[in-house]
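K.L.:
Quick one, structure for this:
(2 chains)
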Amino acid sequence: DVKVTQSSRYLVKRTGEKVFLECVQDMDHENMFWYRQDPGLGLRLIYFSYDVKMKEKGDIPEGYSVSREKKERFSLILESASTNQTSMYLCASSRSGERDTQYFGPGTRLTVL
Amino acid sequence: AQSVTQLGSHVSVSEGALVLLRCNYSSSVPPYLFWYVQYPNQGLQLLLKYTTGATLVKGINGFEAEFKKSETSFHLTKPSAHMSDAAEYFCAVTSFNKFYFGSGTKLNVKP
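P.N.:
Alright, predicted model coming up:
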């Protein structure tokens, strides 16, 4: 079974803090994704990566950056957290190919005070 | 451009009744379509997907969906709702490795 794990289920941070969310997958998938999920808005893509050290902006990259130094790990960074970044963050991975299923981690619920 | 519309942000059915969750898509290329389910405080889990071949797709937990190209629809159905089906359901279409998700439909199942 594919397993995608995220470093924290719940996280509380203060405005202005630097926040790291980590995601690890164990199936040697090429693609990895970060989404945020907000009520009524569904899932919105923040960043994705097709390969190590490669990244592309999604629909809402402002205020975020990412890092992929190893194939299995994809990190989302909030350089200076703000209250409007309070959200559920979901990581996903997939093989290369648009028919391929995305597998999701359990999510990190981030609250920025 | 690809997009997905899910009609009805909340759907409520009685236990044992038919479940119908609607999804319409727009796609400039032949679509690959997915339904995911999300239980409270969990990530998304694949229910079923359509890539090619048979237009009626069967998934887990008794769900199925039918791809109708002429209607650009991929509605999700289940003949008889169970209390454990209460969750949020997302339809998605893919293009060039990216998924485009609908805004989700929360299914409530009444005893």
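
K.L.:
use CA for all of it now, contacts and neighbours both
P.N.:
OK.

K.L.:
Can you get me the centre-to-centre distance for the helix or strand where A:Ile46 lies and its chain?
P.N.:
Per DSSP states H and E: A:Ile46 is located in strand A:42-49. Computed by C-alpha atoms, centre = their mean, to the nearest Å, the chain-centroid distance of strand A:42-49 equals 7 Å.

K.L.:
Can you list the helices and strands that it packs against?
P.N.:
strand A:31-38, strand A:56-57, strand A:64-70, strand B:98-101 (3 or more C-alpha pairs under 8 Å, 6 or more residues apart in numbering or on different chains; DSSP states H and E).

K.L.:
Give me every residue in chain B lying close to chain A.
P.N.:
B:9, B:32, B:41-46, B:51, B:90, B:94-98, B:101-104 (C-alpha under 8 Å from any C-alpha of the partner chain).

K.L.:
Tell me what the residue nearest to A:Cys91 when sequence neighbours are not counted is bridged to.
P.N.:
Nearest non-adjacent residue to A:Cys91, counting by C-alpha to C-alpha, 6 or more residues apart in numbering or on different chains: A:Trp34, 4.7 Å away. Taking DSSP bridges as the rule, A:Trp34 bridges to A:Tyr47, A:Cys91.

K.L.:
any idea how far A:Trp34 is from B:Glu64?
P.N.:
From A:Trp34 over to B:Glu64 the distance is 28 Å, taken as C-alpha to C-alpha, to the nearest Å.

K.L.:
which of those two has more neighbours?
P.N.:
Counting neighbours by other C-alpha atoms under 10 Å in any protein chain shown for A:Trp34 and for B:Glu64 shows that A:Trp34 has the greater number, 25 against 21.

K.L.:
My read is that that one contacts A:Lys55, right?
P.N.:
No - using C-alpha atoms under 8 Å, A:Trp34 is not in contact with A:Lys55, being 10.9 Å away.

K.L.:
tell me the contacts of residue 86?
P.N.:
I'll assume chain A. Taking C-alpha atoms under 8 Å, 6 or more residues apart in numbering or on different chains, we find A:Thr86 in contact with A:Arg109, A:Leu110, A:Thr111, A:Val112.

K.L.:
You answered for a different chain; I wanted chain B.
P.N.:
For B:Ala86, the contact set (C-alpha under 8 Å, 6+ apart) comprises B:Tyr39, B:Lys106, B:Leu107, B:Asn108, B:Val109.

K.L.:
Tell me the most packed of those residues, by neighbour count.
P.N.:
Comparing the contacts of B:Ala86 on neighbour count, B:Leu107 comes out first with 22 neighbours (neighbours: other C-alpha under 10 Å).

K.L.:
who's in contact with that one?
P.N.:
B:Leu107 is in contact with B:His10, B:Val11, B:Ser12, B:Val13, B:Asp85, B:Ala86, B:Ala87, B:Glu88, B:Tyr89, counting by C-alpha under 8 Å, 6+ apart.

K.L.:
And the buried ones among those residues, selectable in ChimeraX?
P.N.:
Here is the ChimeraX command that selects the buried residues among the contacts of B:Leu107 (16 or more other C-alpha atoms under 10 Å in any protein chain shown):
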select /B:11,13,85,86,87,88,89
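
K.L.:
Look through chain B and tell me its longest strand.
P.N.:
What stands out as the longest strand in chain B, according to DSSP state E, is strand B:87-95.

K.L.:
So which elements touch the lowest-mean-pLDDT helix or strand in chain B?
P.N.:
Sorting the helices and strands of chain B by mean pLDDT, DSSP states H and E puts strand B:98-101 at the bottom, at a mean of 86. Packing contacts for strand B:98-101, counted by 3+ C-alpha pairs under 8 Å, 6+ apart, involve strand A:42-49, strand B:3-5, strand B:87-95.
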